[in-house]
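Q: With the sequence up front, the predicted model follows.
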Amino acid sequence: MSIKLHDLITKVRESSTTSGIREIISEECVQIRNAFRKEDTKNRPRNISKLIYIDFLGFPTDFGQLECLKLIAHPSYVCKRIGYLGLSVLLTENEEVLFMSTNIIRTDLASENKFIVALALSSLGNIGSVEMLRDLAPEVEKLLKSQTAYIRKKAALAAIRTIRFVPETVDRYVGRVKSLLSDKNHGVVVGGLQLLIEILKIEPKTISEFRKLVPGLLRMLKSLVDAGYAPEYDFEGVTDPFLQVFILRLLRILGKDSKKYSNQMIDLLTQVGTSSGLNKNVENCILYESVSTILTIESPNRLRVTAINTLSKFLSGKDNNMKYIALNTLLKGVNKDSKSLKRHRKVIVKCLRDKDISIRRRALDLVFGIMNKKNVKELTQELLDCLPKAEHDFRFDITAKVCTAIEKFSPDDQWQIDTLVQVLTIGGQYIRDDVIAIMTHVTGRNQELQYYASKKLYNSLLDDRYRNQKFIQVAAWVIGEFGDILLKKSIEENESIDPSQIIDLCQIIITSSRNEDLTKYFILNTLIKLSTRIEGFNETIKEIIKPFMKHVNIEIQQRACEYFRLFEDKELLVFSFDRIPVKDDNMEAQEIETVQETTNENSTKNTKVQENINQQLSHNDNQKSQGTGMKIMGGNNVITQNKTQQPSSIENLLQLDFNSNNNNQNVNKQTTNIQNTQSNQSTEDFLSDIFGTNNNPNSNNTQNVQNTKIQNVMGILGTENGMGTGTGMGRGTGMGRGTGMGTGMGMGRGMGMGTGMGTGMGRGTGMGTGRGNVNTPKKNPSAIIYNQDGLKIQMNFKLVSVNGIPAAMVQTIFTNSTPTPMTNLIFQVAVPKHLQVQMAPPSSKIIPGNNTGKVTQTFRVIKKQNIKTKLTMMTRIQYKFNGMPVSKQQEVKNLPLIF
């Protein structure tokens, strides 16, 4: 026995448990199915009504879709009403069942009953599929000329969906929309305004044609503003606010980039902006639309200042909705009216402490937008004051904005160091990875502040509260690099620091189980540096390093073993860990490849390093290290940590192989169409290939093998001209140090912070010895493959050769024009089966907003078959924007590269 909808709702509300509700719905669905099977036409409308309610509760209702079609085919208006309602709720535009209703809707559109026609038009405007809209576009066009205003209004709404999903039909409605705007019925005019706005979005070229309507629209708006009480259209004392809102939105589009028509709007917009109050929500809506129109069109400065002052009043109110839209509107005008916005700095900063997280995020973006060198100190301190009490996710946003502001607007180096230390101590675990490189770069380039920075970091490091991983890493690098300056000047200022305290502090940190392996890398580097800067502590440092020669982590084990062996040659130890030279500020911090000219002094040092390492290699050849089971600092097979990961099982698209950041595979494979090459390459060869070096693995020349190891140890990568780039390989596993200090394989902006990939000893000066067979064009091609939603992706291409195999080096540059940073960046590339792709990790996971920075990622594409082909790929970009995950996938064709 079928029950009524009211009884079903009562039973569900009386149930106190989820399982009870599920049982009630399950029993009712069984009854409804039985009724459908028995063709119970009498109770069909009731059953569909109950299914709509069940669908609202989140239970599956697919079995009722065909019954909705039976109801809309019924001649009765009551059945059609329930049927069309069920059609709009239980189906979507992607359902195949929906296409079966096309002929029924066409019949209803020709009905003499205006209410049935309205039901069909409403259904078409809500869930019409592309095929339905294309087939029924002529009928909708005819109904726009109907003599009934009610039908014309519904037809205009259906036409909006039609041109939105089938843009090629827009020409049908361009000529009809003007007649709708002159209709006497306000509902029809509102529908016509919405239709015209949609047409202008799809066909921007028609804006100049419709600008002739501006005088008529202004007269219509003025009549509404000056009108007295009109019972038919009055809403809380305002005459037809809906019509006023859509007129203002249309004027905003027509007046943009047109000084002539903007001048015609100024007087009326001023009247609307001053006559509306802030007491009613209806008045607030009209006032907001008028302010948005003023900020969009070519309005004078005095009017823009008035608009911004009005938005500031919204921020001072209690309505969170008005605060949010006010902040969003101010963000759009931050580039044009930054001076006017700075007057309301206190109100904007106050929103950083609002209870609503969405308001705080918008306020953070706006605070960053009004920053400059004059107010950066005050605004940065406001952000840091909010950091301790902020939510976990919001802290990442605050630290990202603060670090970007420090780098962009810093008035002097000392303030930059103080603020970075404050950020590191308060929220070090929430900062970007490249902030470590920023701190080390600022400290290294200013000799006068090296003691100040090292002392400040050392004193903060003594406090256990501040020992987060990022802070320890920065402090360890600075203290290790400038430890001698710290001790020397502390004596001069009568604030003597005992060297043993520094050593003991390093020992406490490196032996603590709370610290990450990466932090221990830094401490090991600090200890080996201090052994060259502080006399009398070598034995103590050796005792600290010795237990790590058997550490479970192969990277720590290798470093400890190599560092321990370095104590045998004091001259080489001192030379290898001399102070890192400062990078030139004029060089881009994230440049992938740079070519530097070297002096005679650098050439002399390079020769000295090669001689020293050749002696070590000759002396230690075929000798195993004691207790570790690997060859240390010598022999032909130097064991390094290889973290090669097999590709994940991501679906192949168009027979493409996806490859992401972790899919680093050896690309030198033997093929039938290409000359035989050695397939097993070391990690050093792989990194050299990435940057264009071509070290022949088949060479039997011992000197060439040694030179290759020397190159990798020093962090030097050859280019087509035989020049090393020193791309931030830093003090690596073989203590190599490049003077390029760039990003890519290092820790960000350089200063030798990279973990490196070298396995020998020595010091690089930027001169590589690689002579790769690289044939680079005079002008490398580039292409913009993606430019939507504020994200722009550009690819720079370069033809290279890897052991005689044609390849392409692709540098991908990500920029973000929105005010909000994009986080958790993941970029994947798939190529056809005859190609192979290898990707390096991105320079950062965060793309700064307002185009204040960029993220780069390099990958290499290699041919597996000797055929001439044009580069084609499938890309997938994933990131988080305002805490929401975003994923985009597209096929990239017609790239300007053939190889």
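A: Here it is on my side, so go on.

Q: Who are the contact partners of the residue nearest to Lys222 when sequence neighbours are not counted?
A: Spatially, and ignoring its direct neighbours in sequence, Lys222 is nearest to Leu268 (5.8 Å; CB to CB, 6 or more residues apart in numbering). In this view, the C-beta of every residue, glycine as well, is placed from N, C-alpha and C. By CB atoms under 8 Å, 6 or more residues apart in numbering, Leu268 lies in contact with Leu218, Leu221, Lys222, Val225.

Q: What strand or helix carries Leu268?
A: helix 259-275 (DSSP states H and E).

Q: and that helix, which residues are buried?
A: By 16 or more other CB atoms under 10 Å, the buried positions in helix 259-275 come out as Tyr261, Ser262, Gln264, Met265, Ile266, Leu268, Leu269, Thr270, Val272, Gly273.

Q: Stretch 559-577 too?
A: Applying 16+ other CB under 10 Å to stretch 559-577 flags 559-567, 572-573, 575-577 as buried.

Q: Same question for stretch 167-179.
A: Thr169, Val170, Arg172, Tyr173, Val174, Arg176, Val177.

Q: List the contacts of stretch 287-297.
A: So stretch 287-297 is in contact with 244-245, 248-249, 251-252, 255-256, 258, 261-262, 265, 269, 272-273, 276, 278, 303-304, 306-308, 310-311, 314, 322, 325-326, 329, 332-333, 336-337, going by CB under 8 Å, 6+ apart.

Q: Any idea which helix or strand in this structure has the lowest mean pLDDT?
A: helix 683-690 (a mean of 36; mean pLDDT, DSSP states H and E).

Q: Okay, Ile785 and Thr872: tell me how far apart.
A: 11 Å (CB to CB, to the nearest Å).

Q: should've said Thr440
A: 41 Å.

Q: list the contacts for Val190?
A: Applying CB under 8 Å, 6+ apart, we find Val190 in contact with Lys153, Phe242, Leu243, Phe246.

Q: Starting from Lys154, give me the distance back to it.
A: 12 Å.

Q: next one: Val478
A: 71 Å.

Q: hmm, back to that, quick one, which of Thr440 and Thr872 is more surrounded?
A: Thr440 (25 against 16; other CB atoms under 10 Å).

Q: end to end, how far does stretch 813-826 reach?
A: With CA to CA, to the nearest Å applied, stretch 813-826 spans 13 Å between its terminal residues.

Q: So for it, mean pLDDT?
A: In this model, stretch 813-826 has a mean pLDDT of 90.

Q: Pop out the phi and psi values for the nearest residue to Thr856 once chain neighbours are set aside.
A: The spatially closest residue to Thr856, leaving aside those adjacent along the chain, is Ser843, at 4.9 Å (CB to CB, 6+ apart). Here is the backbone geometry of Ser843 (degrees, to the nearest 10): phi -70, psi -20.

Q: Can you verify my assumption that Ser843 contacts Gln811?
A: No: using CB atoms under 8 Å, Ser843 is not in contact with Gln811; the gap is 10.6 Å.
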